[in-house]
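Chemist: sharing a sequence plus its predicted fold:
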Amino acid sequence: MDTLTPRPGTSSSADPDELVRLLDPAGRRLDHSRYDRWAARLGPAELRELYRDMVLARRFDTEATALQRHGELGLWPPSLGQEAAQVGSGRAMRPQDFVFPSYREHAVAHTRGMDMRELLRVFRGIEHGGWDPLAHNFHLYTFVIGSHTLHATGYAMGIQRDGDVATGDADRDRAVVVYFGDGATSQGDVHEAMVFAAVNNAPVVFVCQNNQWAISVPSSGQTTVPLARRGAGVGIPSVRVDGNDVLASYAVTAEALERARSGGGPTLIEAFTYRMGAHTTSDDPTRYRTSAEEDYWRDRDPIDRLRAHLGDQGLADDAFFAEVEAAAEELGAATRDYCRALTPAGPEQMFDHVYGAPHPQVAGEREWFAGYRDSFEDAEAGR
């Protein structure tokens, strides 16, 4: 076994050192006594949609990276290589589940029905958010590392106290999923969130995307044991999944969500994947990692893996793959046009989202500000 990949397993053990895998790097289907029943939910049509999701998310991501390089965005955090962990876990959710992302979950946003282009509004610097979190149950991006895990746990405790857990009603029972990276696990907020989740049996699934690098610090510089073991320290069931395997990512998340919605409490998932791009567009990964390492992971590309499986099993043909590529190119062009058309709103926008409902004090302040602004125009016209 090579040193970069933890040992795969086929048992039903909850050993956090085991890597749950349902597709090997060549796209061959593997049996797993614990998770096969969850993967069985995915028929040929669902597998093709998972492939489409990943290709579209990658095309959007590469276009956004290019837009930043051309000065159209202030910054961009690429998600290249992490599509399977995000799409698999995202498609395991129900509409009523709520997501707390960090700042790299572009593919998760897509699976929640959001137009990924809305993400650009933050990185173009024209808005602090850019979308309505309740429209798709997808919270705003969080740039303070790890802090949102506490928000997610608090929200999950609220769901629990509202009685939306373990009712037996599939349209009512819901859970929370929170995403963070391996670097965030070194933050106290993440540990505190897991403690609160454990002692309150909160319906929250912690998804750590271990992409091997916290900017320039490798995972080995943060822990000597698998990150999934951190859940055991506070009494949270934990699982380590091959994050480049979209089937396995779906299956482990589906099981964790089912447990959370039915009152079984939290789960920690470590998705063992790789950031093939830079941490952000202000980063130069060639300064801290080797081309041999990048080549190793490029051979384990999550999209290539599912494409091989679809082709080998006769679940997709060349016409399907060509149609997906064409849709991806259309998305790339539409993303460019959308981004370049974004212009900042006037300063009066600061009053728009102070409260969730109209507020007389804010309305009065808006009226005063409009008069103050207009006074400069009147003075200019009187010259």
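Modeler: Noted; the coordinates are in hand.

Chemist: find the nearest non-adjacent residue to the residue nearest the centre of the chain, please.
Modeler: With distances taken as Cα atoms, centre = their mean, residue 105 lies nearest the centre of the chain, 2.9 Å away. Once its chain neighbours are removed from consideration, residue 105 has its nearest residue in residue 179; the separation is 5.1 Å (Cβ to Cβ, 6 or more residues apart in numbering). To be clear about C-beta, it is placed using only N, CA and C from the backbone, and glycine gets the same treatment.

Chemist: for the stretch 51-200 of the chain, which segments count as helices?
Modeler: The residue ranges that make up the helices of the stretch 51-200 of the chain, judged by DSSP state H, counting those that start in this stretch, are 83-91, 106-111, 120-123, 133-136, 147-161, 188-200.

Chemist: can you give me the buried ones in the longest one?
Modeler: To tie it back to what came earlier, the one meant is helix 147-161. The neighbour-count check on helix 147-161 (16 or more other Cβ atoms under 10 Å) flags 147-157, 159-160 as buried.

Chemist: try the fourth one
Modeler: Within helix 133-136, the residues that count as buried by 16+ other Cβ under 10 Å are residue 136.

Chemist: tell me the mean pLDDT over it?
Modeler: The average pLDDT for helix 133-136 rounds to 94.

Chemist: CA atoms of that helix as CSV?
Modeler: Included here for helix 133-136 are C-alpha records, laid out as CSV according to Å, rounded to 0.1, in the frame of the first residue of the first chain:
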residue,chain,number,x,y,z
PRO,A,133,-29.6,31.5,2.8
LEU,A,134,-33.2,30.4,3.2
ALA,A,135,-33.9,30.1,-0.5
HIS,A,136,-31.9,26.9,-0.7
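
Chemist: got any ranges where the stretch 251-383 of the chain has weak pLDDT?
Modeler: Low-confidence segments of the stretch 251-383 of the chain (pLDDT under 70): 378, 382-383.

Chemist: contacting residues for the residue nearest to the centre of the chain?
Modeler: For residue 105, the contacting residues are 79, 86, 99, 141, 179, by Cβ atoms under 8 Å, 6 or more residues apart in numbering.

Chemist: ok, residue 131 to residue 27 distance?
Modeler: Summarising the geometry, the distance separating residue 131 from residue 27, computed by Cβ to Cβ, to the nearest Å, is 35 Å.

Chemist: before we move on, back to that, most neighbours of all the contacts of residue 105, which one?
Modeler: residue 86 (31 neighbours; other Cβ atoms under 10 Å).

Chemist: would you agree that one is in contact with residue 108?
Modeler: Yes: counting by Cβ atoms under 8 Å, residue 86 touches residue 108, with 4.7 Å between them.

Chemist: who touches both of these two?
Modeler: Here residue 86 and residue 108 have residue 179 as joint contacts, going by Cβ under 8 Å, 6+ apart.

Chemist: so which residues of the stretch 251-383 of the chain form strands?
Modeler: Taking DSSP state E, counting those that start in this stretch to define them, one finds strands in the stretch 251-383 of the chain at 267-272.

Chemist: surely residue 38 is in a helix?
Modeler: Yes: in this structure, residue 38 lies within a helix as judged by DSSP: H, G, I helix; E, B strand; the rest coil.

Chemist: quick one on the thing from earlier: and the contacts of residue 105, which two are furthest apart?
Modeler: 79 and 99 (14.7 Å; Cβ to Cβ).

Chemist: leaving out the residues flanking it, which one is nearest to residue 23?
Modeler: Sequence neighbours aside, residue 245 is the residue nearest to residue 23 in space, at 4.8 Å (criterion: Cβ to Cβ, 6+ apart).

Chemist: thought that neighbour was touching residue 304?
Modeler: No: Residue 245 lies out of contact with residue 304 (Cβ under 8 Å); the separation is 11.9 Å.

Chemist: mind checking which of the two has more residues around it?
Modeler: Here residue 245 and residue 304 are set side by side on neighbour count (other Cβ under 10 Å), and the busier one is residue 245, at 33 against 15.
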